[in-house]
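Undergrad: Here is a sequence with its predicted model. Questions after.
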Amino acid sequence: MDPGDLIEWMFLSSNPCIARFPHVLVKCGEPTLRAISGVTGIAMGLWGERPMFKADGRHYVEPDSGKIEEDFVLWKLSSNQEHLLQSANVSPDPSFKMFISADLPVSALKRTYEHFQDEFDDAPAYADYINYVCDWLPDLRWVLIPLEGETGWSIFAAAPDATDIVENVKAEFRRNHIPTARLVKQGGAVLWRDEQ
């Protein structure tokens, strides 16, 4: 596949906004999630999915609105972290998912639902949300997004003032022999460049 077409296919744009942020493309799996958690020192949650369990061990039922804001911290529970690690190989589908800090303030999580109506009836469309992330990154600090159309690849991106997080995570990926790549602007095009 032509490199330009690959970018268009995965980001639904030939010049994705997320390429402006510090980032690394990475093969996603359990070692990837463990590397990110190890470097950041923070448990992750999977936005776009509900935590499986409440603190008392019973199954979690999301609010009628479908918006998981105050309860997002439930992802920190060990039972939910086990479920999250099993979800590491999120395959591309039309709905948008992202791995983010389970310690985010509720105000940051509320921003991620601002494009919805009162009810969170349908899964967020990947085509819309891949671009919204660029507005959220200053609040989210970092994000790991499974890419549509390319099984196994994700993008780890961070806020502009968090370049060190990306560099430290990238070093951990290399140490663990996890394949990485970058989006590189060349002329007027954005290209995929393998690193390992």
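TA: On my side now, so go ahead.
Undergrad: so where's this structure shaky on pLDDT?
TA: 1-5, 88-94, 116-125, 127, 148-151, 196 (pLDDT under 70).
Undergrad: give the contact list for residue 87.
TA: Counting by CB atoms under 8 Å, 6 or more residues apart in numbering, residue 87 touches 46, 49. For every residue, glycine as well, the C-beta is placed using N, CA and C.
Undergrad: What separation is there between it and residue 187?
TA: 38 Å (CB to CB, to the nearest Å).
Undergrad: Residue 145 is in contact with residue 100, correct?
TA: No: if you go by CB atoms under 8 Å, residue 100 and residue 145 don't touch, sitting 9.4 Å apart.
Undergrad: measure stretch 61-73 end to end?
TA: 14 Å (CA to CA, to the nearest Å).
Undergrad: Just give me the neighbour total for residue 64.
TA: 8 (other CB atoms under 10 Å).
Undergrad: got it, and the one 10 residues further on?
TA: For residue 74, the number of neighbouring residues by other CB under 10 Å comes to 19.
Undergrad: Pretty sure residue 13 sits against residue 134.
TA: No: the criterion here is CB under 8 Å, and residue 13 misses it with residue 134 at 10.9 Å.
Undergrad: my guess is residue 63 is in a helix, correct?
TA: No: counting by DSSP: H, G, I helix; E, B strand; the rest coil, residue 63 is not found in a helix; it is coil.
Undergrad: Who are the contact partners of it?
TA: Taking CB under 8 Å, 6+ apart, one finds residue 71 in contact with residue 63.
Undergrad: Distance of it relative to residue 107?
TA: 17 Å.
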